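Undergrad: fold the following and give me the result.
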Amino acid sequence: MFLAIIGAYAIRNNIFDVYLMLTIGIFVFLVRRIGFHPGPIGLGFILGPIIEPSLVQALYISDALGVGKIFFSGTINITLISLSVISVSAVAISRIRARKLAKVNS
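TA: Predicted coordinates:
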């Protein structure tokens with residue numbers, strides 16, 4: 001921990017970086033304690049500001065087609081949405097089956 005604090009301070013010689021590192025560390029600890037994975041949260045914070053202008057632009061372009069209709073039209077869009085729904089459903093179904101199996105075995 002000491003080396004992490006020194007490293008955070010050494011990058012820009014700013015104590016704010018140390019406080020930021022400690023705050024993020026506590027946040028990640030609490031998120032893991034609750035049972036979530038911090039990776040997707042970090043990706044959301046990093047990629048969110050990058051993706052948002054493109055989303056606004058796509059919604060602006062699709063104004064003639066209706067809000068959001070552009071996301072559900074086209075072969076590639078439908079394929080990606082279908083794969084996403086299938087993968088989320090597969091995870092949910094496998095967890096439900098595992099719980100039922102655990103109840104039967106206990």
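Undergrad: middle-most residue in the protein, spatially?
TA: With distances taken as Cα atoms, centre = their mean, the chain has Pro40 as the residue nearest its mean C-alpha position (3.1 Å).
Undergrad: summarise which helices and strands the helix or strand where that residue lies is packed against.
TA: For Pro40, the host element (DSSP states H and E) is helix 38-61. Counting by 3 or more Cβ pairs under 8 Å, 6 or more residues apart in numbering; DSSP states H and E, the packing neighbours recorded for helix 38-61 are helix 15-34. In this view, the C-beta of every residue, glycine as well, is placed from N, C-alpha and C.
Undergrad: quick one: list the elements packing against the helix it packs on.
TA: For helix 15-34, the packing partners by 3+ Cβ pairs under 8 Å, 6+ apart come out as helix 2-12, helix 38-61.
Undergrad: pretty sure Asp17 contacts Ala10?
TA: No - Asp17 lies out of contact with Ala10 (Cβ atoms under 8 Å); the separation is 9.1 Å.
Undergrad: looking at those two, which is more packed in?
TA: When Asp17 and Ala10 are compared on other Cβ atoms under 10 Å, the one with more neighbours turns out to be Asp17, at 16 against 11.
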